[in-house]
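Undergrad: Structure for the following, please:
(2 chains)
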Amino acid sequence: NAGVTQTPKFQVLKTGQSMTLQCAQDMNHNSMYWYRQDPGMGLRLIYYSASEGTTDKGEVPNGYNVSRLNKREFSLRLESAAPSQTSVYFCASSFQGYDTGELFFGEGSRLTVL
Amino acid sequence: AQKVTQAQTEISVVEKEDVTLDCVYETRDTTYYLFWYKQPPSGELVFLIRRNSFDEQNEISGRYSWNFQKSTSSFNFTITASQVVDSAVYFCALSDTYNFNKFYFGSGTKLNVKP
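TA: Purely as a prediction, here's the structure:
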C-alpha cells in the first residue's frame, strides 16, 4: 500500500541548476498538490492539480513549474534553483468530490540550494 | 481571506499531563472543513481528523478530543494523558469551500512530551 511516493528524498543543488521532483499516488485520487514547508511558516501551497490535465497556482508559485502527467503523477520542476528554494517539499493527493477530502502526504523531499 | 492561527509555537509537558493545542481560523464561508495533522519527528504528515462546519459536536478518539466552536472560530485539540509518542508538530488546516482544492495551514505547534 504505497499511497503517495515522492522522489528524491534528498537533493543538494547549486544556484542556477534545475531539477524535477517526482510524485505518484496509487489511490485513484483526482487532486494532487505540491507544498513547501519552511520553519515557522507551516505548509504553503505551490501548485495544485484538480484533475488530470489541469494545474493552478497556489500561494507561492514563482520559480516553479508543474506537470500533471496522468492521473497518478504530478511533478514539480525548479528551472533555475535559488537559495530561497531551500525547503522541504511535500506532495499530497486527495479525492475532491461533493465535499472536501483529506490530504494524503508523501514522506517529503529535502532540497538544499547552495 | 482564509487564515489559520496557531498561536502556540511550542509546548512542553510531562508525560501523563493533559495538553490542549489551540487553533483559530478566519473565513467568510458558511461551509468549510477543518483538519488536524500530526507530523512526528520522522517527517511525514498524518491525518487526524476532518470536521464539517455544520457539525459542531465534539469528537473523541481514544486520548484525543477536538472541541469545535463556531462562535469563537476555534477548533482546539486536546490530548489526555500525554505520552512521549505524542511528541510531534501538529498542524491545523482550513479548506476553501469555493475551491475545495485549497487548504490553508497554520504554522504548527510543536509538542514536546517529556518522560
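Undergrad: Quickly check: the helix or strand bottoming out on mean pLDDT in chain B near chain A or not.
TA: Counting by mean pLDDT, DSSP states H and E, chain B has its least confident helix or strand at strand B:99-105, which shows a mean of 80. Yes - applying C-beta under 8 Å from any C-beta of the partner chain, one finds strand B:99-105 touching chain A at B:Phe100, B:Asn101, B:Lys102, B:Phe103, B:Phe105. Where C-beta positions appear, they are placed from N, C-alpha and C, glycine not excepted.
Undergrad: since we're on B:Thr9, how many residues are nearby?
TA: 10 (other C-beta atoms under 10 Å in any protein chain shown).
Undergrad: give the contact list for it.
TA: By C-beta atoms under 8 Å, 6 or more residues apart in numbering or on different chains, the contact set of B:Thr9 is A:Gly40, B:Ser107, B:Thr109, B:Lys110.
Undergrad: one more time with 10 Å, if that's ok
TA: By C-beta atoms under 10 Å, 6 or more residues apart in numbering or on different chains, B:Thr9 lies in contact with A:Gly40, B:Ser107, B:Gly108, B:Thr109, B:Lys110.
Undergrad: out of these, who's nearest B:Glu59?
TA: Comparing the contacts of B:Thr9 against B:Glu59 with C-beta to C-beta places B:Thr109 closest, at 18.7 Å.
Undergrad: I'd say that closest one and B:Ser12 touch.
TA: No - using C-beta atoms under 10 Å, B:Thr109 is not in contact with B:Ser12; the gap is 11.3 Å.
Undergrad: what touches both of the two?
TA: Listed as contacting both B:Thr109 and B:Ser12 by C-beta under 10 Å, 6+ apart are B:Val19.
Undergrad: between these two, which one's more packed in?
TA: Between B:Thr109 and B:Ser12, B:Thr109 has the larger neighbour count (other C-beta under 10 Å), namely 21 against 12.
Undergrad: B:Asp18 versus the more buried one, what's the distance?
TA: The gap separating B:Thr109 from B:Asp18 is 15 Å, by C-beta to C-beta, to the nearest Å.
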